[in-house]
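# Show me how the following folds:
(chains A and B)
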Number of protein chains: 2
Amino acid sequence: MKFEKHVFVCTNQRKEGERKSCGEECGMELVKTFKKILKEKGLKNSIRAQRAGCLDACEYGPSVVVYPDGIYYGGVQPGDINEIVEEHLISNRPVKRLIIDFSGSSATSE
Amino acid sequence: MKFEKHVFVCTNQRKEGERKSCGEECGMELVKTFKKILKEKGLKNSIRAQRAGCLDACEYGPSVVVYPDGIYYGGVQPGDINEIVEEHLISNRPVKRLIIDFSGSSATSE
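Below you'll find the model as predicted:
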């Protein structure tokens, strides 16, 4: 495993007039905040956060997925990132209040 | 786990004159080929392939990472995708000849 944790942040942007996309909201700001915090904590060689296209969780966005755990977070705001880093990425305690519950959903794809 | 396998393909494009990037080579073609094959095989609800930013494996590109396994593939060409799908994504036998060996490397970041 190249990274202990690898975080993908949806920064997908749809054309104006189409339904809401994560990138329009704050996708790139989330990526920048993750990168800044990981660098400050000296973790950037073991934990990576980066941008990604549509994660197929549009209706829960802004969305983020953490691998290898496969845990999806929804409605993520820049103010949530420090908690995700401290609790989940470092201490392996996923942040329950942000976890997307896909049961019964029919998530739509890009 | 929303997807049994989740494939991220680097489609990062650097500005002209900077060092080579995966996206310039064939990143988007790889994404399209993955999606086409997964759809044809009726796997698109259980296995997802999508675009991503820089995967921090630039010198091995075009690069792809498969989660939850955390296996990186390098030098991937459209003609390799069917083998990755059949062998790794469906049958859990990673395609050894394409796996990136990071031991001793100092991969550079975006």
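# Helix, strand or coil: sort out A:Gly75 for me.
Following DSSP: H, G, I helix; E, B strand; the rest coil, A:Gly75 is assigned to coil.
# I'd like the distance between it and chain B.
Per Cβ to the nearest Cβ, to the nearest Å, A:Gly75 is found 16 Å from chain B. All C-beta spots, glycine's among them, are computed from the backbone N, C-alpha and C.
# thought A:Gly75 was touching A:Glu59?
No: using Cβ atoms under 8 Å, A:Gly75 makes no contact with A:Glu59, being 10.4 Å away.
# Please identify the residues of chain A in proximity to chain B?
A:1-3, A:6, A:8, A:11, A:44, A:48, A:50-57, A:65, A:67-70, A:72, A:102, A:107, A:109-110 (Cβ under 8 Å from any Cβ of the partner chain).
# among these, which ones are buried?
Neighbour counting over the residues of chain A next to chain B (16 or more other Cβ atoms under 10 Å in any protein chain shown) leaves A:2-3, A:6, A:8, A:11, A:44, A:48, A:50-57, A:65, A:67, A:69, A:72, A:107 as the buried ones.
# These in strands, which ones?
A:His6, A:Phe8, A:Arg48, A:Gln50, A:Arg51, A:Ala52, A:Val65, A:Tyr67, A:Tyr72 (DSSP state E).
# for these, which one is nearest A:Asn82?
A:Arg48 (17.0 Å; Cβ to Cβ).
# How about that closest one, nearest residue that isn't a chain neighbour?
A:Phe3 (4.7 Å; Cβ to Cβ, 6 or more residues apart in numbering or on different chains).
# tell me the contacts of the one you found?
Shown in contact with A:Phe3 (Cβ atoms under 8 Å, 6 or more residues apart in numbering or on different chains): A:Ser46, A:Ile47, A:Arg48, B:Gly70.
# With A:Lys35 instead?
Counted by Cβ under 8 Å, 6+ apart, A:Lys35 has contacts A:Lys44, A:Ala49.
# quick one: secondary structure of it?
helix.
# Could you tell me the per-residue confidence at it?
A:Lys35 is assigned 97 on the pLDDT scale.
# repeat for A:Cys10
At A:Cys10, pLDDT is 93.
# So in terms of bridging, what pairs with it?
A:Ala52 (DSSP bridges).
# my guess is it meets A:Cys54, correct?
Yes: A:Cys10 lies in contact with A:Cys54 (Cβ under 8 Å); the separation is 6.1 Å.
# so what's the residue positioned nearest the centre of chain A bridging to?
Geometric centre of chain A, nearest residue: A:Val64, 1.9 Å, by Cα atoms, centre = their mean. For A:Val64, the beta-bridge partners under DSSP bridges are A:Val9, A:Tyr73.
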